[in-house]
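Colleague: predicted coordinates and the sequence they were generated for:
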Amino acid sequence: MSGFSEGNLLGVAERAGNKIKEKAKKAIKQQLKKLLKKLIKNAFKMLVKMLAKALAALAAALGVPLLICMVVIIIVGGALVFVRFFASDDEAYVNAITSKYNAAIEKTCAIEEYRPPMIVVQAIDNMRITKQDLDPEDIAPSMIANMLKPDLKYEDFYNTTTRTIYYYDKNGMPNGSWTTSSQEKVSLLISAHTWNRNITKTYSEHSESSSTSYSDKNGSSVTTTTTTEWVEDIQPCTIQLDSDYTSPAPNIITGTGTKTNPFFTKWGPLAMEESKTSGVPASVTLAQAVQEGGWGSSLLASKYYNFFGIKKHNWTGDTVLMWTTEYINGVSTKVQAEFRAYPNAVAGFADHSKFLLDNPRYNTALSKDNPYEFANELQAAGYATDPNYAYSLKKLIHDYNLTKYDPDGGINPATGSAWEDVGYVPSSNAGVLVGCGTADYSKFDAVLRHFDFTPEDVELIAAGIKEFDTSHTLLAGYNGEYGIEMSDTPLVGSETGDYVDVGPVQPGQMIWPTTAKYLTSNFGMRVNPVSGIYKLHKGIDIAPANSDTKDYPNIAAMDGLVIAAGDTNDGYGNKVVIDHGGGLETLYAHMKVGSLKVNVGQEVIAGTVLGTMGETGNAAGRHLHFEVYVNGKPTNPLAYVNKP
C-alpha cells in the first residue's frame, strides 16, 4: 500500500491486479460527484466516519477488497475537500478560510476577470494537502494564487483634445481663429497571459466633436472642441454569468405557421412513437432532423440514417468519415468528422433520443415541456456550434406547426393555449466568452508539475473544477500537458478527435504539427538511435513527457492534398505525406497502427488530425518525426514552424 501516501490510487490498484484496477477506476468515476457534495469538516477521520456506509456498500457491490476500496474513497474525497462545502455549522470557520483565499486571489491582479478563480486555487491546494499528508487547515492560497497570477503588459497612448475658436465681427464676417491642443497620457493594457489564456488587445482612435456659440454687440464666436481617444477594438474578455448581464433583444416567434412538407408526413409518426418512450418532443426531433439532415437529402441522412449529425464520441458501432461545417471562434469552417452510421431510420431516431437522455448536459432541455424552451436549452448545452441553432429549430417548429406531433398537441395544459416561444438568450450556464484570446494553460500546468501531481491526481482536480464550474468554460479548450485528464475528448487538444482548433491560419503559414510540445531531436547530422549510423536526420522529432501515456494527435501543418498514407516499409512506419503546392511537402511518421484518419487524394486543412503519435517503423520510442521538403530536398522544419 505504499502508493497511498503518494496519492497514486491507481498505482495501488494496479499492484493488486488489473481487475481490481479497473473496478477502482469505475468506483472513482461513479462516486466522484457524490463525494464532492459530502459535507466535510476538518479531518480525514471525519471523512472515514461519514463514508463508512458508502464504503461497505461499494465494496460489496464491486467485490473490491475493503482495503483497496478504502484507498479509493479516502484519496478521492480527500483530494477534493473544497472549503465551500464544509458543514454549515462551521460557518465562521468556512468564512475565515474563504476570506484567506479571496484575499490571496485579489492580490494577484487589479483586474478581476484575469485573476485565477477560487475553485481552481482550492482544487490544487486540496490535492497538495492530501499528497503531503497535511491537516486541512494547512492551506497555502497565497503561494498557489501567486503562481497563477496573470502577466500584464501595458503601453502608453495619448488622448488629444483640440479646441478652435472662430471669431466673427458684428456683420458675421470671419475675424480670425485661435487653436489650442492638449494631450493626456493613458496606460492601456495590450496583452495578458492569465492562468488559462493569452489575450491581446488592440485600440483605435475615436473622435467626437462638439460646438458652442457666443455673441454680443461686438460680434460672435463659435468654439469647436474635438476629443480623440484610444478605444479598445473589441469588448474585454468576459464570462457573462450574473444577473447584470443583458443580451440583445432576442427574436420572438409568434402566431401559428401553415406550411406543409412531405418530410413530416413520412417521418412524423416515427418521431411520435419515439417521443412516447423518450419524452423528447417530436416537434424538436423533426426540426433537428431537417436542420441536421437537410430534409433527409444529405448523404449522412439518406444513406446512413443519421438525421441528427451525431458524431462518434464513445460509439462502438459503424461510423462514416464526412465533411461538416463547424463554427470555430465564430468562423464557419469546413472540417472532417467521424459520424455514427445506422442500419435504418428507426435505429437513427432511437439513438438520437438515447444520446440526449444519456448526456447530463441535456438534462435542462429534457426538463422543459415547452418545445421552444427545449430548443433553446439544446443550443445552451452546445448541441451545435451554429450561433443561430435554437432560432432555426424554432422557426421550423413554428412554420410547419410541428407541435401537432407532440403528445400535448402543442397546447400548454396550464393555460389551454398554444405553447409560446421564449426568445433564446445565452444562459449563465452556457458561459458566454467574449474576446477571450487563445487557450494557454502553461501557468496551470506549471503548478501541477511543481507539486508532482500524478495523472490520476490531475484527473481528480479537473473533475472537481468541472463539477462546480457553472460557466463550463474554465477548462474549455484545454491544450496543455494533461489533456486526457482535463478533457473527455479522445486525443489531447482535440475536441472531436478529428480536428484541432488552431485558430486563424494565414496563407502560407505552417502550424506546429502535433499537440505534444517537447522537441527531442533537431534537423541535422546525428547518430541514428536505432541503427547507430552517423547520418542526416532529415526532420525534427516531437514527443510528450516520458511519463505521459496519453494519446496525442499528429495534425496537418498546412492545407494540402494527401499523397501518401500508410506503411510502405521504408522505416517511417505509418506515415502521411501532404502536398501543399509550389514544391512544398510535409511528412509525418511513426504513427500508431490503425490510427490513420486520412486517405490518399483527400484534401485537408491545417489542424486536421492525420493519426495518433506512435512508434511504428524504425523508432526508438513514441514520437512524431516531421519532415519538410522543398522541391524534393529535405529542409529544416524549424524554418517553417515555431515551437509553441
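Modeller: Okay, I see it. The structure displayed is predicted, hence computed values, not measured ones. Residues are numbered from 1 along each chain as shown.

Colleague: tell me where the model's unsure across the stretch 51-200 of the chain.
Modeller: 51-91, 93-94 (pLDDT under 70).

Colleague: at 50 what do you get?
Modeller: Scanning the stretch 51-200 of the chain for pLDDT under 50 picks out 51-89.

Colleague: ok, now the chain?
Modeller: 1-89, 236-250, 327-332, 425-434.

Colleague: now do the SS call for His398.
Modeller: At His398 the chain is in helix, as set by DSSP: H, G, I helix; E, B strand; the rest coil.

Colleague: okay, now it: neighbour count?
Modeller: His398 has 21 neighbouring residues, counting by other CB atoms under 10 Å. Any C-beta I mention is one placed from the backbone N, CA and C, and that applies to glycine too.

Colleague: likewise for Pro544?
Modeller: Close neighbours of Pro544, defined as other CB under 10 Å, add up to 23.

Colleague: tell me the contacts of the nearest residue to Arg197 once chain neighbours are set aside?
Modeller: Once flanking residues are discounted, Arg197 sits nearest to Gly437: 4.8 Å by CB to CB, 6 or more residues apart in numbering. The contact partners of Gly437, taken as CB atoms under 8 Å, 6 or more residues apart in numbering, are 192, 197-200, 237.

Colleague: pretty sure Pro116 is touching Trp195, no?
Modeller: Yes - with contact defined as CB atoms under 8 Å, Pro116 counts as touching Trp195 (4.5 Å).

Colleague: tell me where the stretch 51-200 of the chain has helices.
Modeller: Remark: helices assigned in the stretch 51-200 of the chain by DSSP state H, counting those that start in this stretch are 52-62, 66-79, 91-106, 118-131, 141-147.

Colleague: same question, the stretch 401-550 of the chain
Modeller: With helices called from DSSP H, counting those that start in this stretch, the stretch 401-550 of the chain shows them at 442-450, 455-468, 483-486.

Colleague: out of these, which gets nearest to Tyr372?
Modeller: Evaluated with CB to CB, the helices of the stretch 401-550 of the chain place helix 455-468 nearest to Tyr372, the distance being 29.0 Å.

Colleague: helices or strands next to the closest one in the packing?
Modeller: helix 9-15, helix 18-36, helix 66-79, helix 118-131, helix 442-450, helix 483-486 (3 or more CB pairs under 8 Å, 6 or more residues apart in numbering; DSSP states H and E).

Colleague: okay, the angle between it and helix 442-450?
Modeller: 130 degrees (axes from the mean of the first three to the mean of the last three CA atoms, to 10 degrees).

Colleague: before we move on, back to that, tell me which of the helices of the stretch 401-550 of the chain sits most buried.
Modeller: Most buried of these, by mean neighbour count (mean count of other CB atoms under 10 Å): helix 483-486, with a mean of 23.

Colleague: ok, back up a step: which one of Pro116 and Trp195 is surrounded by more residues?
Modeller: Neighbours were counted for Pro116 and for Trp195 using other CB under 10 Å; Pro116 has more, 27 against 24.

Colleague: okay, and the common contacts of Pro116 and Trp195?
Modeller: 148-149.

Colleague: residues near Thr224, how many?
Modeller: Counted by other CB under 10 Å, the residues lying close to Thr224 total 15.

Colleague: partner strands of whichever strand or helix holds it and their direction?
Modeller: Thr224 belongs to strand 219-232 when elements are defined using DSSP states H and E. With DSSP bridges as the test, strand 219-232 is paired with strand 151-169 (antiparallel), strand 203-216 (antiparallel).

Colleague: quick one: the ones you listed as a markdown table, columns for mean neighbour count and distance to Ala564 too.
Modeller: Shown next, in a markdown table, are the strands paired with strand 219-232 (neighbours: other CB atoms under 10 Å; distance: least, CB to CB, whole Å):
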| stretch | mean neighbour count | distance to Ala564 |
| --- | --- | --- |
| strand 151-169 | 14 | 43 |
| strand 203-216 | 11 | 47 |
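
Colleague: now those strands as JSON lines including distance to Leu587?
Modeller: Output for the strands paired with strand 219-232, formatted as JSON lines (distance: least, CB to CB, whole Å):
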{"stretch": "strand 151-169", "distance to Leu587": "37"}
{"stretch": "strand 203-216", "distance to Leu587": "43"}
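
Colleague: and Tyr400, which of the ones you listed is closest to it?
Modeller: strand 203-216 (45.7 Å).

Colleague: list the buried residues in stretch 186-203.
Modeller: Within stretch 186-203, the residues that qualify as buried are 189, 192-197, 199, 201, 203, counting by 16 or more other CB atoms under 10 Å.

Colleague: just the ones in strands from those residues, please.
Modeller: 189, 192-193, 197, 199, 203 (DSSP state E).

Colleague: for those, which one is nearest Met173?
Modeller: Comparing these against Met173 with CB to CB places Tyr203 closest, at 42.2 Å.

Colleague: mind listing what the closest one touches?
Modeller: Each residue near Tyr203 by CB under 8 Å, 6+ apart is listed here: 157, 188, 230-233.

Colleague: before we move on, back to that, dump the helices of the stretch 401-550 of the chain into JSON lines; add distance to Val121 as well.
Modeller: Putting the helices of the stretch 401-550 of the chain into JSON lines (distance: least, CB to CB, whole Å) gives the following:
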{"stretch": "helix 442-450", "distance to Val121": "9"}
{"stretch": "helix 455-468", "distance to Val121": "10"}
{"stretch": "helix 483-486", "distance to Val121": "17"}
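
Colleague: quick one: closest of those to Asp541.
Modeller: Shortest distance between Asp541 and the helices of the stretch 401-550 of the chain, using CB to CB, is found for helix 483-486: 19.6 Å.

Colleague: surely Pro371 and Leu286 touch.
Modeller: No - between Pro371 and Leu286 there is no contact under CB under 8 Å: 10.1 Å.

Colleague: between those two, what contacts are shared?
Modeller: Common neighbours of Pro371 and Leu286 (CB under 8 Å, 6+ apart) are Leu402.

Colleague: next, the buried residues of stretch 543-560.
Modeller: Going by 16+ other CB under 10 Å, stretch 543-560 has these buried residues: 543-544, 548, 550-560.

Colleague: and it, how far from the chain's centre?
Modeller: The chain centroid and the centroid of stretch 543-560 are separated by 18 Å under CA atoms, centre = their mean, to the nearest Å.

Colleague: ok, now stretch 439-451?
Modeller: With CA atoms, centre = their mean, you get 17 Å for stretch 439-451.

Colleague: what's the answer for stretch 596-615, then?
Modeller: Offset of stretch 596-615 from its chain centre (CA atoms, centre = their mean): 22 Å.

Colleague: one more: stretch 270-289?
Modeller: Centre-to-centre, stretch 270-289 and its host chain are 29 Å apart (CA atoms, centre = their mean).

Colleague: how about stretch 595-603?
Modeller: Distance, stretch centre to chain centre, for stretch 595-603: 26 Å (CA atoms, centre = their mean).

Colleague: now the end-to-end length of that stretch.
Modeller: Taking CA to CA, to the nearest Å, stretch 595-603 runs 18 Å from one end to the other.

Colleague: check which residues of that stretch are buried.
Modeller: Across stretch 595-603, burial judged by 16+ other CB under 10 Å covers 595-598, 602.

Colleague: quick check, Phe523 in contact with Lys538.
Modeller: Yes - the pair Phe523 / Lys538 is scored as a contact, 7.1 Å apart, by CB under 8 Å.
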